[in-house]
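Colleague: one predicted model, sequence on top.
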Amino acid sequence: MIMHYTIITECHEKGGFTARCVEIPSARGYGNTQGEAIANIREAIEVVREAQNAELAKTIASVHSEIIKIEVADSA
C-alpha cells in the first residue's frame, strides 16, 4: 500500500535543506539539496513506520481475549 505524506522543505541561510513531515513530526530529513533532504525524510518515515508497526504488533500479541457464550431468555 502506498501512503501519502505532506512534506515541508526549508532552505537554510548557510546552505542545505531541512524536510519535515506534517503527519509524523518526529521524521526529519537533511541534505545539501532539496532532493537529498526529501530522500532522507523518505528513509526517516520508513524507519518511524517500521518502529510503529513493531510496537503495534507487540501490543496486539500481548492482548488476551476470551470468547464467552451466554444465554438470554426470550421476552415473548
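Modeller: Received the coordinates, thanks.

Colleague: where in the chain is pLDDT low?
Modeller: For the chain, applying pLDDT under 70 flags the ranges 65-67, 76.

Colleague: what about the helices in the chain?
Modeller: Ranges of helices in the chain, per DSSP state H, are 34-62.

Colleague: the residue most central in space within it: what's it in contact with?
Modeller: When Cα atoms, centre = their mean is applied to the chain, the residue found nearest the centroid is residue 49 (4.0 Å). By Cβ atoms under 8 Å, 6 or more residues apart in numbering, the contact set of residue 49 is 3, 24. Any C-beta I mention is one placed from the backbone N, CA and C, and that applies to glycine too.

Colleague: who are the contact partners of residue 43?
Modeller: residue 29.

Colleague: what is the burial count for residue 41?
Modeller: Residue 41 has 25 neighbouring residues, counting by other Cβ atoms under 10 Å.

Colleague: do residue 46 as well
Modeller: There are 11 residues near residue 46, going by other Cβ under 10 Å.

Colleague: my guess is residue 23 contacts residue 6. True?
Modeller: Yes: counting by Cβ atoms under 8 Å, residue 23 does reach residue 6; the two are 6.4 Å apart.

Colleague: would you mind measuring from the residue nearest to the centre of the chain to residue 23?
Modeller: Taking Cβ to Cβ, to the nearest Å as the measure, residue 49 falls 10 Å from residue 23.

Colleague: and if you look at residue 69?
Modeller: In terms of Cβ to Cβ, residue 69 sits 42 Å off from residue 23.

Colleague: neighbour count: those two, which is higher?
Modeller: When neighbours are counted by other Cβ under 10 Å, residue 23 comes out ahead of the other of residue 69 and residue 23, with 11 against 4.

Colleague: for that one, what are its contacts?
Modeller: Contacts of residue 23 (Cβ under 8 Å, 6+ apart): 5-6.

Colleague: swap the cut-off to 6 Å and go again
Modeller: Applying Cβ atoms under 6 Å, 6 or more residues apart in numbering, we find residue 23 in contact with residue 5.
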